[in-house]
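Student: build me a model:
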Amino acid sequence: MLALLLATGCAGIFCGAALYVNFVEHPARVSCGLDLALREFAPSYRRATIMQASLAVVGALSGLTAAWQLHDRQTALAAILLAAVVPYTLIVLFPTNKLLLDPALDPQSPHAGYILKRWNRLHGVRSFLSGAAFALFLWRASSQAAH
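Tutor: As a prediction, the model looks like this:
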């Protein structure tokens, strides 16, 4: 049960942070102008990477441990959904991150605005995956507590 609680907590924190970025931080960053948005992106990205990568890995591993201990497919699915943010980030989101971190990107160009908008849309997939994982973990934790 401890592994399931740890997985649930990690997924919940990850999801909350991801939703905050999509609905608060990124829109606020862009509202300050493209130049400032691009300058703020780099330090925010570095700090978020450390936190969110740790949460995804610890949450997924503890979720898989809980699934094995409980012999539970739904918990395994939740762990896989949370783990999926890692390859998704590396394969799909990272190329856009690189574009935003490129010092040659002209902050006044329409292309910069397009990349920032695309980044938020792609990041939304991380919010969805972690939200689905969190909901499943919560459901399984509440089911286990009832027994």
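
Student: please make it C-alpha for all contacts and neighbour counts, starting now.
Tutor: OK.

Student: tell me the buried residues in the helix or strand that contains residue 81?
Tutor: With elements taken from DSSP states H and E, the one containing residue 81 is helix 73-83. Of all the residues in helix 73-83, those buried under the rule 16 or more other CA atoms under 10 Å are 75-83.

Student: dump it to PDB, keeping only the CA atoms.
Tutor: Extracted as PDB, the C-alpha positions of helix 73-83 are listed here (Å, rounded to 0.1, in the frame of the first residue of the first chain):
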ATOM      1  CA  ARG A  73      -3.600  -4.300 -14.000                       C
ATOM      2  CA  GLN A  74      -5.200  -0.900 -13.400                       C
ATOM      3  CA  THR A  75      -2.300   0.200 -11.200                       C
ATOM      4  CA  ALA A  76       0.100  -1.000 -13.800                       C
ATOM      5  CA  LEU A  77      -1.700   1.000 -16.400                       C
ATOM      6  CA  ALA A  78      -1.500   4.100 -14.200                       C
ATOM      7  CA  ALA A  79       2.200   3.600 -13.800                       C
ATOM      8  CA  ILE A  80       2.700   3.200 -17.500                       C
ATOM      9  CA  LEU A  81       0.700   6.400 -18.200                       C
ATOM     10  CA  LEU A  82       2.900   8.300 -15.800                       C
ATOM     11  CA  ALA A  83       6.100   6.700 -17.200                       C
END
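
Student: which other residues reach the helix or strand following that helix?
Tutor: Secondary structure here is assigned by DSSP H and E; on that basis, the next helix or strand after helix 73-83 toward the C-terminus is helix 85-88. The contact list for helix 85-88 (CA atoms under 8 Å, 6 or more residues apart in numbering) reads 53, 56-57, 126, 129-130.

Student: among these, who's most crowded?
Tutor: Each of the contacts of helix 85-88 was scored for neighbours by other CA atoms under 10 Å, and residue 130 scores highest at 30 neighbours.

Student: that's all I had, so thanks and see you.
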